[in-house]
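Undergrad: Here's a sequence, model it:
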Amino acid sequence: MKIRILKLKNWLLMTLVGALGLSACHSTKNAATPQPAEEPQVDTPKPRDPVVVMYGVPTMNFVVKGKITNDDGKPVKGLQVILLNRNVDIMPDDMHEDNPYVQSYIHQSSDTTDAEGNYMVRTSDTPADKQQLIIRDIDGAENGQYKNMLLDIDYREAAQTQARQGWNMGTREKVEDVVVEKEN
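TA: All right, here's what the predicted structure looks like:
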């Protein structure tokens, strides 16, 4: 009786192993007869190209810098310059600092013009030919009041300042000088 149970158990086990796609590598029928030893073959390894395995989404770094002046050609200090990702759908007048998302975004990709009107903003996004630049007067009447602006930045002829590396497509840099209008 024990033998029948063991045979049934072995048959079920082999059926399960076969169903899973596992099989023996070598037949056991001629296991009792010694097989002649094969001479070992010496294979010289072939040179291979390095295999690069990556996971991610292509990104590109964007830098916009320049100088902001008023109608008289004088530099304007204290203007906030924000470089928008393509995925952000917001207008300059809708950027309220009480929104935590807006606060975080402004903190990451904005700059304020210095005494000479210079600014430089950076962002990282999926590769694109265009982005938008928001210019806002955030200091009030301290140096005059200026209209908010929304500009399109075209990177098709921008300088490639850093080469591609893996999923990062490098850095494109654009110089964009802007003239702002005073509010009435």
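Undergrad: Surely residue 131 touches residue 83?
TA: Yes - Residue 131 is within contact range of residue 83, at 6.1 Å (criterion: CB atoms under 8 Å). From N, CA and C alone the C-beta is placed, and that goes for glycine too.
Undergrad: Identify the contacts common to the two.
TA: 62, 64, 123, 153 (CB atoms under 8 Å, 6 or more residues apart in numbering).
Undergrad: Present these as CSV; the columns should include neighbour count.
TA: CSV is the format used below for the shared contacts of residue 131 and residue 83 (neighbours: other CB atoms under 10 Å):
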residue, neighbour count
62, 23
64, 24
123, 19
153, 18
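Undergrad: Buried residues of the biggest strand by length in the chain, list them for me.
TA: Longest strand in the chain by number of residues (criterion: DSSP state E): strand 59-69. Buried positions in strand 59-69, judged by neighbour count with 16 or more other CB atoms under 10 Å: 60, 61, 62, 63, 64, 65, 66, 67, 68, 69.
Undergrad: Quick one: name whatever helix or strand follows the lowest-mean-pLDDT helix or strand in the chain.
TA: In the chain, no helix or strand scores lower on mean pLDDT, DSSP states H and E than helix 100-108, which sits at a mean of 66. Using DSSP states H and E, the helix or strand that follows helix 100-108 towards the C-terminus is strand 110-112.
Undergrad: Give me the residues contacting that next one.
TA: With CB under 8 Å, 6+ apart, strand 110-112 has contacts from 78, 79, 80, 81, 82, 83, 119, 120, 121, 138.
Undergrad: cool, stretch 143-152 as well?
TA: Here stretch 143-152 has contacts from 70, 76-79, 91-93, 130-137, 176, 178, 180-183, using CB under 8 Å, 6+ apart.
Undergrad: What's the end-to-end length of that stretch?
TA: This stretch, stretch 143-152, spans 26 Å end to end (CA to CA, to the nearest Å).
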